[in-house]
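> What shape does this take:
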Amino acid sequence: MEPDTASAIERRLADLEQEVARLSALAEPAAALAVDTAREGDAGSAAEHAPADAPDAPDAASAGSDDPLWFVNELGRRAPGAVMMAGAVETAAGPVRWQYGLMADGLLSEDWSDLARPLEALGHPARIELVRQVMRGAHTTSELLQLEHLASSGQLYHHLRQLVSAGWLVSPRRGYYEVPAARVVPLLVLTMIASS
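Prediction:
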């Protein structure tokens with residue numbers, strides 16, 4: 001075997017071992033924070049639809065009954081300097097367990113102007129309502145046309161195009177829309193931020 005081929009195989013094997021470790025960490029109960037530090041500057045990210053028999057995550061009140069800052073304290077222990085968002089929620093498509101994190105230094109050194117477009121897509125009252133309704137179970141264009149914020153099907157399709165383009169919605173088949181699993185928790189986090 002040539003040295004370049006052997007080296008490539010060894011790198012791929014190391015990558016696969018890291019992925020197995022990350023997936024194993026996702027199988028832990030949601031109270032245990034799984035952090036993938038394989039990528040430099042990234043505290044880890046993962047999104048999945050959990051199986052129906054996945055262990056139940058503690059609710060926010062019971063998880064912090066002994067320590068109201070349990071999440072922050074665990075994050076500080078496992079990944080000092082990281083900023084994370086995570087969630088374990090039930091959706092119409094099934095349970096979603098998701099986490100994403102970056103190192104604060106990396107976030108502060110990035111150009112934030114590229115963040116305007118995805119945030120702008122949610123900045124219209126009709127679009128944010130469309131996303132909420134899709135998350136609540138209205139998936140077809142006929143269901144979405146019933147919303148008060150829309151005067152015509154043209155407006156609906158205009159707003160849906162904006163949301164799909166920004167990645168907040170996907171359309172797996174014509175006339176049907178859903179929120180991708182990896183966007184469920186970020187949308188809920190944005191809602192928490194806006195309401196706090």
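
> Can you check the distance spanned by stretch 73-85, start to finish?
End-to-end distance for stretch 73-85: 14 Å, by C-alpha to C-alpha, to the nearest Å.

> tell me the average confidence for it?
For stretch 73-85, mean pLDDT is 89.

> So which bits of that stretch are buried?
Residues Leu75, Arg78, Ala79, Ala82, Met84, Met85 are the ones in stretch 73-85 that count as buried (16 or more other C-beta atoms under 10 Å). Using the backbone N, CA and C atoms, a C-beta is placed for each residue, glycine as well.

> Turn the residues you listed into a markdown table, columns for secondary structure.
Shown next, in a markdown table, are the buried residues of stretch 73-85 (DSSP: H, G, I helix; E, B strand; the rest coil):
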| residue | secondary structure |
| --- | --- |
| Leu75 | helix |
| Arg78 | helix |
| Ala79 | coil |
| Ala82 | strand |
| Met84 | strand |
| Met85 | strand |
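
> just curious, which of these is nearest to Arg136?
Nearest to Arg136, judged by C-beta to C-beta, of those is Met85 at 20.9 Å.

> Report the contact partners of that closest one.
For Met85, the contact set (C-beta atoms under 8 Å, 6 or more residues apart in numbering) comprises Gln99, Tyr100, Gly101, Val185, Pro186, Val189.

> can you check His159 too?
Neighbouring residues of His159 by C-beta under 8 Å, 6+ apart: His124, Ala126, Arg127, Leu130, Leu150.

> switch to 7 Å and redo it
Counting by C-beta atoms under 7 Å, 6 or more residues apart in numbering, His159 touches His124, Ala126, Arg127, Leu130.

> in this structure, what spans have low per-residue confidence?
Applying pLDDT under 70 to the chain flags the ranges 1-7, 10, 13-65.

> now the helices: where do they sit in it?
With helices called from DSSP state H, the chain shows them at 3-26, 60-63, 70-78, 104-109, 116-121, 125-136, 141-144, 153-165, 181-195.

> Indicate which one of those is closest to Arg174.
helix 141-144 (8.9 Å).

> got the CA positions of that closest one in PDB?
Extracted C-alpha coordinates of helix 141-144, given in PDB (Å, rounded to 0.1, in the frame of the first residue of the first chain):
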ATOM      1  CA  THR A 141     -50.100  25.700   1.100                       C
ATOM      2  CA  SER A 142     -53.800  25.300   1.500                       C
ATOM      3  CA  GLU A 143     -53.500  25.200   5.300                       C
ATOM      4  CA  LEU A 144     -51.100  28.200   5.300                       C
END
